[in-house]
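Enquirer: Predicted structure and sequence below. I'll ask about it afterward.
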Amino acid sequence: MNPLTVWGVGTTRTMRVHWLMFELGLNYETRRIESRTGETQNPSYLKLNPKQKIPSLLDGDFVVTESTAIMRHLRRCYDTLGYDQYQQTPEGQAVYDEWLSFMLMELDATSLYVVRRHRDLHAIYGEADNAVSSSIAYFENMISAVEDQIEGRQFVWGSCFSELDIHLTILLDWAMAVDAKVPEAFVNYYETMTHRDAYVAARKFNYSGLQLPTVRS
Ligand SMILES: N[C@@H](CCC(=O)N[C@@H](CS)C(=O)NCC(=O)O)C(=O)O
């Protein structure tokens, strides 16, 4: 039996994990449960993830939840991507933390996810037009503030592809889907990332044959 099983497809969070799996070239099983189908509330799944969220990873009998934690676990245990010298330094590590916090908090949780909740999922979380428009404006301000840091760069962090590129590209996918303005430097970066074989394959894998209409969250 394959020791690695990923639970969940169809969302931006599951896309993070499947894309990394494809980049690492790992052989794994997938349980194609989806959000808002009730499958995250099945008693058997609740034992894995009482938060009722996807994705989850089962590595042998060890469970990891939270897409970012899953990605970091996969890189620690099954890495084939490698790190450059700068990435090993305290400065390189601090820059990693800075980008990760910025993307998860400023670009995702406090902006695009608010749009998601109060626009697409307003039947669950309530309508809040002001919160939606101010969150898009906030996202645009935040991403513009770091435009110089991405200008001319192939990767977010150092000279190697990393999970930070997965985070950023998926955020850009999402920003474009809600018609947020994305600075030119990010559009160029996005073009390169979305031509990667693993991105194309993972996107098809993650978003094909869903029970619910395609949702990008
Ligand atoms: N912080 C979590 C968030 C996961 C999350 O919010 N998943 C949502 C879909 S985007 C979910 O599973 N919702 C359960 C449901 O709607 O049934 C992560 O990054 O993995």
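Expert: It's in.
Enquirer: Report the distance from the helix or strand of the chain with the lowest mean pLDDT to the chain centre.
Expert: Ranking every helix and strand in the chain by mean pLDDT, DSSP states H and E puts helix 122-125 at the bottom, with a mean of 94. Taking C-alpha atoms, centre = their mean, to the nearest Å, one finds the center of helix 122-125 at 22 Å from the center of the full chain.
Enquirer: Can you list the low-confidence ranges for the protein?
Expert: 1, 214-217 (pLDDT under 70).
Enquirer: all strands of it, in order?
Expert: Counting by DSSP state E, one finds strands in the chain at the ranges 4-7, 29-31, 56-59, 62-65.
Enquirer: mind giving me the domain ranges of the protein?
Expert: 4-81+200-207, 86-196 (automatic domain parsing).
Enquirer: out of those domains, which comes closest to the ligand?
Expert: For the ligand, the closest of the domains of the chain is domain 4-81+200-207, at 3.4 Å, according to C-beta to the nearest ligand atom. For every residue, glycine as well, the C-beta is placed using N, CA and C.
Enquirer: now the strands of the chain as JSON lines including distance to the ligand and mean neighbour count?
Expert: Output for the strands of the chain, formatted as JSON lines (distance: least, C-beta to the nearest ligand atom, whole Å; neighbours: other C-beta atoms under 10 Å):
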{"stretch": "strand 4-7", "distance to the ligand": "10", "mean neighbour count": "20"}
{"stretch": "strand 29-31", "distance to the ligand": "13", "mean neighbour count": "16"}
{"stretch": "strand 56-59", "distance to the ligand": "8", "mean neighbour count": "21"}
{"stretch": "strand 62-65", "distance to the ligand": "7", "mean neighbour count": "15"}
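Enquirer: Lovely, talk soon.
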